[in-house]
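>>> here are the coordinates; sequence isn't available:
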Ligand code: PLP
């Protein structure tokens, strides 16, 4: 189908034709030509349970027959209350309240507003700066872009963004400090402290991090000790820690939350994507007891909200996704299948070692970075966009990543439910 016709839908590439998806089941999507595609990246790291999961569809059907919409200033609903309880029971530390949104970006906006309001209500209204990191991505809305250290996503709006400080990326495969993996003094963590000190701790509200950098850097786990060091820095300087687990939450990295592995307890946690696994739009901000108590005992208001937030249909989906994830032990499955798939990809790529710069990740979030021709590739050019397009032609969906002008990383991140047979199909097509 051509998208240049009048009345066509606008997609990112204004000149491209996109295949028309008509159905999907498990890890496979079918188009209107009868072709099938192995979903090697869960759409955009969303479809954790695979497509067409009967338990989720049944929950949607039951909820649709009962009630699909309530407005957040008028009613709560049983699935909303149950989902909040399930998430806060699973989440680390004292995260004990859930604020629901329709996307990860909205949840990031809520985190920004909540952090700023928290310090105002604590009687420290000067603490209004947010610190994030180079190479990060936190969403598409302006506040979220302001936090994102992703030059291409900022380009057209740079002039209107708040000038918040940004610390160095924590990316061992391309260390901004030129250090060797496992032998450094975590200058990346120190750079967060330097930004706090430079701005003045009495002006900093929060530090926002992705515990494993997802779609921007391309599956970049934090170095050992980094997340604990950052949590300690935040505590020392009385700054809130926001963990953006939009991609990593709900089992993708082999743990319920990537914070669990590091043993850190953020003050705010952002969820999205896998929370509803692609069945409806849904995001959430989990809020610590301390932050919640401060607002409740202060103005007793948090008025940010979007019309569809916490609608009962989305809440029922979230609950069904959490139930399924628990029942089928998907975090453990992601760890196991992720380790196997990483090993197999490493073997497969050994024959192409001259073009592979790095293979990394956590659980079923795997990044393969290719060499840059001028610096380390000796003239070989592997671009993520071309590789992704070639894979699509062969029936495999991959996700391009990287923050450079040319992206050189592809993400392999299939549904956490991917069968062993489909792993073979994925590897064969790859
Ligand atoms: N945070 C992270 C880490 C993300 O990767 C994304 C999206 O890719 C977002 C936030 C924004 O989520 P959404 O696209 O649902 O608004």
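Cool, the structure landed. Keep in mind the model is a prediction, meaning the values are calculated, not measured.
>>> please make it C-alpha for all contacts and neighbour counts, starting now.
Noted.
>>> got the domain ranges for this protein?
Following automatic domain parsing, one gets these domains for the chain: 21-52+329-429, 56-327.
>>> so how far does the shortest one reach from one end to the other?
If I follow you right, that is domain 21-52+329-429. The straight-line separation of the ends of domain 21-52+329-429 (C-alpha to C-alpha, to the nearest Å) is 19 Å.
>>> and if you look at the last one?
With C-alpha to C-alpha as the measure, the ends of domain 56-327 fall 13 Å from one another.
>>> circling back: can you redo the domains of the chain as TSV with mean neighbour count and distance to the ligand?
What follows is the domains of the chain, written out as TSV (neighbours: other C-alpha atoms under 10 Å; distance: least, C-alpha to the nearest ligand atom, whole Å):
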stretch	mean neighbour count	distance to the ligand
domain 21-52+329-429	20	7
domain 56-327	20	3
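>>> just send those domains back as JSON lines, with mean pLDDT too.
Shown next, in JSON lines, are the domains of the chain (pLDDT from 0 to 100):
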{"stretch": "domain 21-52+329-429", "mean pLDDT": "94"}
{"stretch": "domain 56-327", "mean pLDDT": "97"}
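>>> would TSV of those with distance to residue 13 be doable?
As requested, the domains of the chain are arranged in TSV below (distance: least, C-alpha to C-alpha, whole Å):
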stretch	distance to residue 13
domain 21-52+329-429	12
domain 56-327	15
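>>> tell me which of these lies nearest to residue 11.
Closest of the domains of the chain to residue 11 is domain 21-52+329-429, at 14.1 Å (criterion: C-alpha to C-alpha).
>>> roughly how far is the closest one from the heart of the chain?
Relative to the centre of its chain, domain 21-52+329-429 is centred 16 Å away, using C-alpha atoms, centre = their mean, to the nearest Å.
>>> i'd like the first residue to be 109 from this point on
New numbering, starting at 109: the last item is domain 129-160+437-537.
>>> so where's the longest helix in the protein?
Longest helix in the chain by number of residues (criterion: DSSP state H): helix 438-458.
>>> can you name every helix or strand that the next helix or strand after that helix contacts?
Downstream of helix 438-458, the first helix or strand assigned by DSSP states H and E is strand 464-470. Applying 3 or more C-alpha pairs under 8 Å, 6 or more residues apart in numbering; DSSP states H and E, one finds that strand 464-470 contacts strand 328-329, helix 438-458, strand 473-478.
>>> quick check on residue 324: phi, psi?
phi -90, psi -70 (degrees, to the nearest 10).
>>> any idea how far it lies from residue 517?
For residue 324, the distance to residue 517 - C-alpha to C-alpha - is 9 Å.
>>> quick check: neighbours shared by these two?
Counting by C-alpha atoms under 8 Å, 6 or more residues apart in numbering, the common neighbours of residue 324 and residue 517 are 509, 510.
>>> who touches the spatially most central residue of the chain in this structure?
Geometric centre of the chain, nearest residue: residue 355, 2.4 Å, by C-alpha atoms, centre = their mean. Contact analysis of residue 355 by C-alpha under 8 Å, 6+ apart lists 153, 154, 322, 379, 380, 381, 382.
>>> would you turn those residues into a markdown table with distance to residue 301 and secondary structure?
Converted to a markdown table, those look like this (distance: C-alpha to C-alpha, whole Å; DSSP: H, G, I helix; E, B strand; the rest coil):
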| residue | distance to residue 301 | secondary structure |
| --- | --- | --- |
| 153 | 31 | helix |
| 154 | 33 | coil |
| 322 | 23 | coil |
| 379 | 25 | strand |
| 380 | 28 | coil |
| 381 | 30 | helix |
| 382 | 31 | helix |
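>>> identify, from the residues you listed, the entry nearest to residue 454.
Distance to residue 454 across these (C-alpha to C-alpha) is lowest for residue 322, with 19.7 Å.
>>> partner residues bridging the closest residue to residue 417 other than its chain neighbours?
Once flanking residues are discounted, residue 417 sits nearest to residue 209: 4.8 Å by C-alpha to C-alpha, 6 or more residues apart in numbering. Applying DSSP bridges to residue 209 yields these beta-bridge partners: residue 391.
>>> thought residue 412 was touching residue 209, still the case?
No. Contact criterion C-alpha atoms under 8 Å: residue 209 and residue 412 do not qualify, at 10.0 Å.
>>> which residues do those two both contact?
By C-alpha under 8 Å, 6+ apart, no residue touches both residue 209 and residue 412.
>>> by contact count, what packs against the longest helix of the chain?
Using 3+ C-alpha pairs under 8 Å, 6+ apart: helix 438-458 touches strand 464-470, strand 473-478, helix 528-537.
>>> in TSV: the ones you listed, plus distance to residue 232.
Shown next, in TSV, are the helices and strands packed on helix 438-458 (distance: least, C-alpha to C-alpha, whole Å):
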stretch	distance to residue 232
strand 464-470	38
strand 473-478	39
helix 528-537	53
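>>> so which of the ones you listed is nearest residue 185?
Judged by C-alpha to C-alpha, the one of these that comes nearest to residue 185 is strand 473-478, at 33.7 Å.
>>> got the contact list for the helix or strand following the closest one?
As assigned by DSSP H and E, the chain's next helix or strand after strand 473-478 is helix 492-501. For helix 492-501, contacts defined as C-alpha under 8 Å, 6+ apart pick out 145, 505-509, 514-518, 537-538.
>>> still on that earlier bit, how about the helices and strands packed on strand 464-470 in JSON lines, adding distance to residue 365?
Compiled in JSON lines, these are given as follows (distance: least, C-alpha to C-alpha, whole Å):
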{"stretch": "strand 328-329", "distance to residue 365": "13"}
{"stretch": "helix 438-458", "distance to residue 365": "9"}
{"stretch": "strand 473-478", "distance to residue 365": "13"}
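>>> how about these, which one is nearest residue 285?
Nearest to residue 285 among the helices and strands packed on strand 464-470 is strand 328-329 (16.1 Å), distances taken as C-alpha to C-alpha.
>>> that closest one pairs with which strands, parallel or anti?
Going by DSSP bridges, the partners of strand 328-329 are strand 320-321 (antiparallel).
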